[in-house]
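Engineer: give me a 3D structure for the following:
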Amino acid sequence: MGSKLIPITEKEMANLLRTGVTVTCAFGPGGAALEWPEGEPMPDAVRQVGLMRGILNRNMDGAGI
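Structural biologist: Numbers count the residues shown, from 1 in each chain. Below you'll find the model as predicted:
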């Protein structure tokens, strides 16, 4: 089984660490990315980044993507 990688910025990573959620991430030459194991429910860290970016905020109200 693999993982989905969601690229995040340094600022987003710092904000995530301040919230106290468990952050599972990968680091490489392209920067940092949150890991989301395939077949698993959405991790809290991924949900928090979605809220920070305003993606989940709009879509939870049925606005669509």
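
Engineer: where do the strands sit along this structure?
Structural biologist: Taking DSSP state E as the test, the strands found in the chain are 3-8, 25-28, 31-37.

Engineer: can you list those strands in TSV and add mean neighbour count and distance to residue 55?
Structural biologist: Placement of C-beta: from N, CA and C, glycine included. Shown next, in TSV, are the strands of the chain (neighbours: other CB atoms under 10 Å; distance: least, CB to CB, whole Å):
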stretch	mean neighbour count	distance to residue 55
strand 3-8	16	11
strand 25-28	11	18
strand 31-37	16	13
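
Engineer: nearest to residue 52, out of those strands?
Structural biologist: Closest of those to residue 52 is strand 3-8, at 9.2 Å (criterion: CB to CB).

Engineer: what about dumping the CA coordinates of that closest one to PDB?
Structural biologist: Extracted C-alpha coordinates of strand 3-8, given in PDB (Å, rounded to 0.1, in the frame of the first residue of the first chain):
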ATOM      1  CA  SER A   3       0.500   6.900   0.500                       C
ATOM      2  CA  LYS A   4      -0.800  10.100  -1.000                       C
ATOM      3  CA  LEU A   5       1.600  13.100  -0.500                       C
ATOM      4  CA  ILE A   6       0.100  16.500   0.000                       C
ATOM      5  CA  PRO A   7       2.800  19.300  -0.400                       C
ATOM      6  CA  ILE A   8       2.700  21.900   2.300                       C
END
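
Engineer: how far does it sit from its chain's centre?
Structural biologist: Taking CA atoms, centre = their mean, to the nearest Å, the mean C-alpha location of strand 3-8 is offset from the chain mean by 7 Å.

Engineer: quick check: angle from that strand to strand 31-37?
Structural biologist: Calculated by axes from the mean of the first three to the mean of the last three CA atoms, to 10 degrees, strand 3-8 forms an angle of 140 degrees with strand 31-37.

Engineer: strand partners (parallel or antiparallel) of strand 3-8?
Structural biologist: Sheet pairing of strand 3-8 (DSSP bridges) gives strand 31-37 (antiparallel).
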